[in-house]
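Novice: A structural model of the following input is requested.
(2 chains)
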Amino acid sequence: DTGVSQNPRHKITKRGQNVTFRCDPISEHNRLYWYRQTLGQGPEFLTYFQNEAQLEKSRLLSDRFSAERPKGSFSTLEIQRTEQGDSAMYLCASSLGGGAPLHFGNGTRLTVT
Amino acid sequence: DAKTTQPTSMDCAEGRAANLPCNHSTISGNEYVYWYRQIHSQGPQYIIHGLKNNETNEMASLIITEDRKSSTLILPHATLRDTAVYYCIVRGLNYGGSQGNLIFGKGTKLSVKP
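Specialist: Below is the predicted model:
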């Protein structure tokens, strides 16, 4: 069990650019979640997948955000036309089914200048 | 919105037990109490969860009151490495849709001091 892996750990981009983050869940975990965390706040739910199906999106997930999980394995989160307000830690988590505890990665910290 | 209330911060002496309270007065019968912690610059780490019975694992003990309206996380011998933000979360059993997701509040910042 190597844990949830997220890449890159840090990303600095200029406003208006597109960025993509990758999450590799714990193998055999069929659920994968994306959260966002800003300074001093708890993580906020963005979206989750059951295998390859995206089952729920938070209203925080604007049209500039898109997440995919092809083949039900790794997932990507893309932000188009980044804004300074997108600066945050983006966390990925996975679980073995909906009733199991979520296991989080160490996140990707995005800074939009 | 988070369904729990926790103190903003707490201090604990190294080697002593740390008792972190959580109020969840609106908890439903099918909802579990989960505890996570987040050490600086890391993702949240699962600690323990329970429904109505007290639970213990290698990390901590969880004491849930009989009416389930509050709970206490106990770290029996706190070390400096236990300094973190601790989140108490109520999570539904119906795991289809948002009831299966974790809704975080601001948590309790625990500082373990030498």
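
Novice: the residue nearest to residue A:84 when sequence neighbours are not counted bridge partners, please.
Specialist: Distance criterion C-beta to C-beta, 6 or more residues apart in numbering or on different chains; nearest residue to residue A:84, sequence neighbours excluded, is residue A:112 at 5.0 Å. Glycine gets a C-beta too; all of them are placed from N, C-alpha and C. With DSSP bridges as the criterion, residue A:112 is bridged to residue A:13.

Novice: quick one: residues contacting residue A:112.
Specialist: A:13, A:14, A:15, A:82, A:83, A:84, A:85, A:86, A:87 (C-beta atoms under 8 Å, 6 or more residues apart in numbering or on different chains).

Novice: again, but for residue A:12
Specialist: Contacts of residue A:12 (C-beta under 8 Å, 6+ apart): A:110, A:111, A:113.

Novice: hang on, residue A:99 in a strand?
Specialist: No: counting by DSSP: H, G, I helix; E, B strand; the rest coil, residue A:99 is not part of a strand but coil.

Novice: what's the weakest-modelled helix or strand in chain A?
Specialist: The weakest-scoring helix or strand in chain A, judged by mean pLDDT, DSSP states H and E, is strand A:53-57 (a mean of 90).

Novice: what about the residue nearest the centre of chain A, which helix or strand?
Specialist: Residue closest to the average C-alpha location in chain A (C-alpha atoms, centre = their mean): residue A:34, at 3.5 Å. Take DSSP states H and E as the rule and residue A:34 turns out to sit in strand A:31-37.

Novice: so what are the sheet partners of the helix or strand just after that strand and their directions?
Specialist: The helix or strand immediately downstream of strand A:31-37 is strand A:44-50, counting by DSSP H and E. According to DSSP bridges, strand A:44-50 forms sheet pairs with strand A:31-37 (antiparallel), strand A:53-57 (antiparallel).

Novice: pLDDT on strand A:44-50, on average?
Specialist: Averaged across strand A:44-50, the pLDDT comes to 93.

Novice: hey, which of the strands paired with strand A:44-50 is tucked in deepest?
Specialist: Ranked by mean neighbour count under mean count of other C-beta atoms under 10 Å in any protein chain shown, the strands paired with strand A:44-50 are led by strand A:31-37, which reaches a mean of 24.
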